[in-house]
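Peer 1: Everything below, folded, please.
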Amino acid sequence: SGRFRGSMRRGRAEEEISLVEREDGDLPVKGSEGSRRSAESEGSATLCGGRVKNPFARFPASIGFITGTELCERFSYYGMRAILVVYFTRWLQFSDDQATVMFHVFVLLSYVTAVIGGACADSSLGKYRTILYFGIVYALGNVVMSGTAIPGATGTPPSSWGCVIGLLLIALGTGGIKPCVSSFGADQLPAGDESLVRTYFALFYFMINAGSLSMIITPKLRADVACFGQNECYPLAFGLPAVLMTVALLVFVAGRARYLIRIPSRNVIVETIRAIYDACALRFRRWRNGEHPEGDWLDAVADKYGHEFVADIKALKSVVVVFLPTPLFWTLYDQQGSRWTLQAEKMKMFGMGAIGDFQPDMMQAANTVLVLMMIPFFQRVVYPAVAACGINFTPLRRMTVGMVLCGVAFVVSGFVQLMIDDGVHMPGAAPGLSQIRFANTLTVPVNVTSSMIGALTVPQGISSYTTVSSGLINCTFTFGGAPVSLSQTAASTALYTVYLAQVAGVLQAVWSPDVFSSFAEPSNKGRLQFFNSLNETVALTSSPGDLSLTAGALSVTSFSDGEILSGDYTFRASSGAAIDMHVVGGALYTLALDENNRIQVAQDVAGNQVSVLWQLPQYAIVSAGEILFSITGLEFSYNEAPESMKAVMQAVWLMTTAFGSVIVILVAESIEFSSQATAFFVFAAMLGAVIFLFVLLAHRYVYFEQRKKIVPAPDDNSPLVSGFRPDQPLFSEATA
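Peer 2: Prediction:
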C-alpha cells in the first residue's frame, strides 16, 4: 500500500473528476498539469542532492487493486493449469497425445473467448462489469474442477465430464476478463504519458508471473497430500485456485470507488466487424459488375461509418497483418505445460529435504522464476546496453529476437530428449545367447549343477544374470534333500529367472521369462513383478496408493500389472510380510516372498537417468524470448491501436495465442512423430520458417508515431494509412 501512497493523495483531490461514468465513451480529464507535477514530486526521493523518481508512486491508487486482482487471478489460472496434464494422464487415464490435445483445446478456448470479453467490455456492460461477471463464472469453474476431482464424484473409474464442464467455465471466465484487465488498468493512467504506460505494462506482466509461482505450490499439494484414500490429492490442488479466484474478485470489488469507469456509447468490436463485412460485400459486388475502384477497399464504407472510424480500422488491419505469423510462437511456448511436462515426467527427480521430492509438473515454475529475475535485468541492463551500442531496438525487432530464442529453446529440448532416450539401458543378451539368474527364497544355499552353467552355490536372495548359450538348459538343484532336475529351452536374446522354493520340504524350481523389452521407454512410473513362494495365494498391496497384485501358489505376476507412480511406498503381503521402498520412475523391480515371510527385492532396470535439471537451459532461453516477445507484443498492441480500439487490439493479440493452440492440436492429431525429439525439432523448424515471414512484414511496417508525421490526412489513400510502405528501405529509422 505504501507504493501507491503518493498517488492516493492525488486521487482524493481528483475524485470528483476521475470517478465519472461517461456515456459518450470519452475519457475525462485526469487532473491538471500542476497537480500531475505535484504527484510526481510526491513520488520521488532526494539522493545525493538530486531527485530520483519512483515511477510506481505516480500510479493512481486504482492500479494497486487492478494489479492485485491480476496477481490472484494468475495464481488461480497457472496453479490449475500446472497439474492439468498430470491430472489427465494419471487420474483420467488419457494417453500422452490425448492429454496434449485436451490441454491445448482448453488453452485455445481460454483465448478464443477473449473476443466475447472484448465485445462485452466495449458494449453497455463496460470493462468493470465484464471483469466482475466473467470472474464469477471463472470461480464457479474452479469449484467444479475441485468438486469433481473427489474420488467417486464422477463414477469409478472417474469420468471426464466434470473436468470438461469445469474447464469450459474456466475458459469462458478467464477469456472473458483477459482483454479487459490490462486495458482497464491502462485507462486509469494520464493520457500521453508513454513512460508511465511502459512501466505499467512491465508491472502488470511482473504480476502475471508472480501469480504463476503457484505452479510450485499446487503440484506439491497434489503429490504430497494424501486424501480420500488416494496417494495424490487433486481436490485440494484444484481447490486452492478456487480460493484465490474468489480473493481476486474481492480485491477487484474493493477498489470500485477508486476506478475510472468508462462505458462506451457503441460496441466497437461489433461495428468493426460490420464495417469489414460491408466493405467486403461491396467490394465483391463491384468486382462482379466489372468495376475496379482505386484506393483502399475499406474506403467504400467511409461515408456510412465515418472517415475517422474507417482510418482506425485501417490501422487495426496493419497490426493484424504483422501479427499473422506470431501464433507459432505460442504454439511452441505453451507446450511447456504439455510436451515439456511430459518430458520432465521421464526424467530423474531429486529430493528437496523435508518438503519431499521435486515433481515433474513443478518444472514449469522455472519459467516464472526466470522471467521475474529477467524483467528488471532486461529493463536496467540489456535495453540500455543495446541503446548504448547505437542499435535501434524497436518493438518488432525485439519480438523477432524473442521468436528466435523460442526456436532455439526447442532445439535444446530436442537434444535433451535424445539424452533421455539414450539413457534407457535394458538388460539383454546377444543373438545366440541367453541370460539366467536365480532367486533363492529358502533360508539355506542351494547347489546348482549344469552342463551350460557349471557348478555353483546360490545363496538366499536374487542373483545377477549369467550368460549362457541359447538352447536346451538342464539343471540339477540340491540343498540337502533329494535333488530336483529342471529342463527348459532358453530362446536367443531372452532373459529368465529360476525361482527356488520348497513346499512340504520338497524343493521347487519355477522357470519364468523376464520380459523387459516392452518397457524400454522412460516413464514417470516404476513397475514390479511379485513371486509368491508359498503354497497359497498371496496379495501384495501398496500404501499409499492402490496397487494390488495377486499371485497364486508358486507363481509370479507380470510387470504390466505392477505399474506404480514414482515415490515412497510400503508394500504389504497378505501373509504379513512388508517392506519400505522408494520407487524410481522408469525402474523395474522383482519382489520375491521367501519362506521366512520376508520380501526380497532386486532392481532389474535403473530407471530414469537424466536429471530434470537438464531442462533449465531450455527454460532460461524461452523465458528470455518471452520477455522480448510477449511483453513487447502487449505494449505494441496497446500503443499501436487507435484510441477507439484498445480493447479490440487486446483481443486480437490474445487470439494469436488461441491460434497457436490450434496449430498444436492439428499437428498432434495429424502427424505421428517417430520420437518426441523429432517433434521438438520439427516445431523449431516451423518457427524458423515463420520468423522469415515475420521479418519481411516487420521491415515494411511503419509505426503510429511515424505515420502521424508522414501521412498528410486521415483519408489519404497512400499505403502509409494502412501502416505499410512498399518502398520502405531496410533498417531505416522508421522501420521495424
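
Peer 1: what residue ranges in the protein score low on pLDDT?
Peer 2: Scanning the chain for pLDDT under 70 picks out the ranges 1-57, 157, 266, 354-356, 424, 520, 644, 647, 668-669, 704-736.

Peer 1: and the residue lying farthest from the centre of it, what does it touch?
Peer 2: Distance from the C-alpha centroid of the chain peaks at Ala482, with 64.0 Å (CA atoms, centre = their mean). Residues near Ala482 by CB atoms under 8 Å, 6 or more residues apart in numbering: 506-507. For every residue, glycine as well, the C-beta is placed using N, CA and C.

Peer 1: so it sits in a helix?
Peer 2: No - under DSSP: H, G, I helix; E, B strand; the rest coil, Ala482 sits outside any helix and is assigned coil.

Peer 1: Thr570 and Ala578 touch, don't they?
Peer 2: Yes - here Thr570 reaches Ala578: they are 6.0 Å apart, a contact under CB atoms under 8 Å.

Peer 1: re the thing from before, phi first, then psi, for the residue farthest from the centre of the chain.
Peer 2: phi -70, psi 140 (degrees, to the nearest 10).

Peer 1: And Asn596, by the same measure?
Peer 2: phi -90, psi 10.

Peer 1: how much space between it and Gly576?
Peer 2: 11 Å (CB to CB, to the nearest Å).

Peer 1: Glu308 in helix, strand or coil?
Peer 2: Classified using three-state DSSP, Glu308 is helix.

Peer 1: what's the burial count for it?
Peer 2: Neighbours of Glu308 under the rule other CB atoms under 10 Å: 12.

Peer 1: Ok, Ala387 next?
Peer 2: Neighbours of Ala387 (other CB under 10 Å): 11.

Peer 1: Distance-wise, check it relative to Pro376.
Peer 2: The value you get for Ala387 to Pro376, if CB to CB is used, is 16 Å.

Peer 1: can you give me the strands for the stretch 551-700 of the chain?
Peer 2: 555-556, 563-565, 567-573, 578-583, 588-593, 599-605 (DSSP state E, counting those that start in this stretch).

Peer 1: Any chance of these in TSV with mean neighbour count and distance to Pro642 as columns?
Peer 2: Listed next are those as TSV, based on neighbours: other CB atoms under 10 Å; distance: least, CB to CB, whole Å:
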stretch	mean neighbour count	distance to Pro642
strand 555-556	19	73
strand 563-565	18	53
strand 567-573	19	56
strand 578-583	16	59
strand 588-593	24	63
strand 599-605	18	62
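
Peer 1: looking at the ones you listed, which is closest to Gln93?
Peer 2: strand 563-565 (11.4 Å; CB to CB).

Peer 1: Counting by contacts, list what the closest one packs against.
Peer 2: strand 525-532 (3 or more CB pairs under 8 Å, 6 or more residues apart in numbering; DSSP states H and E).

Peer 1: ok, and what's touching the strand it packs on?
Peer 2: With CB under 8 Å, 6+ apart, strand 525-532 has contacts from 439, 441, 497, 499, 510, 512, 514, 519, 538, 540, 549, 551-560, 562-566, 583-593, 607.

Peer 1: repeat that for 7 Å
Peer 2: Here strand 525-532 makes contact (CB atoms under 7 Å, 6 or more residues apart in numbering) with 439, 499, 519, 538, 540, 549, 551-559, 562-566, 583-585, 587-593, 607.

Peer 1: partners of the following helix or strand past that strand in the sheet?
Peer 2: Moving toward the C-terminus from strand 525-532, the next helix or strand (DSSP states H and E) is strand 538-543. Strand 538-543 has its sheet partners listed here by DSSP bridges as strand 548-551 (antiparallel), strand 567-573 (antiparallel).

Peer 1: Need the nearest residue in space to Met363, chain neighbours excluded.
Peer 2: Ala344 (4.6 Å; CB to CB, 6 or more residues apart in numbering).

Peer 1: so where does the one you found fall, helix or strand?
Peer 2: helix 339-345.

Peer 1: In CSV, list the C-alpha atoms belonging to that helix.
Peer 2: The C-alpha coordinates for helix 339-345 follow below in CSV (Å, rounded to 0.1, in the frame of the first residue of the first chain):
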residue,chain,number,x,y,z
ARG,A,339,5.2,-31.8,-24.0
TRP,A,340,7.8,-30.3,-21.8
THR,A,341,5.9,-31.5,-18.7
LEU,A,342,5.6,-35.0,-20.2
GLN,A,343,9.3,-34.8,-20.9
ALA,A,344,10.0,-34.0,-17.3
GLU,A,345,8.0,-37.0,-16.2
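
Peer 1: so how far is it off the chain centroid?
Peer 2: 10 Å (CA atoms, centre = their mean, to the nearest Å).

Peer 1: same for it, what does it pack against?
Peer 2: Applying 3 or more CB pairs under 7 Å, 6 or more residues apart in numbering; DSSP states H and E, we find helix 339-345 packed against helix 395-422.

Peer 1: in its sheet, what does whichever helix or strand comes after the helix it packs on sit against?
Peer 2: For helix 395-422, the following helix or strand on the C-terminal side (DSSP H and E) is strand 433-440. Strand 433-440 has the following sheet partners, assigned by DSSP bridges: strand 461-462 (antiparallel), strand 466-469 (antiparallel), strand 495-503 (parallel).

Peer 1: And strand 433-440, how far out from the chain middle?
Peer 2: Chain-centre distance of strand 433-440: 45 Å, with CA atoms, centre = their mean.

Peer 1: Now the element after that strand, going C-ward?
Peer 2: Next along from strand 433-440, by DSSP H and E: strand 446-450.

Peer 1: about what we covered before: may I see the strands paired with strand 433-440 organised as a markdown table, with distance to Ile671 and mean neighbour count added?
Peer 2: Listed next are these as a markdown table, based on distance: least, CB to CB, whole Å; neighbours: other CB atoms under 10 Å:
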| stretch | distance to Ile671 | mean neighbour count |
| --- | --- | --- |
| strand 461-462 | 44 | 18 |
| strand 466-469 | 42 | 15 |
| strand 495-503 | 36 | 21 |
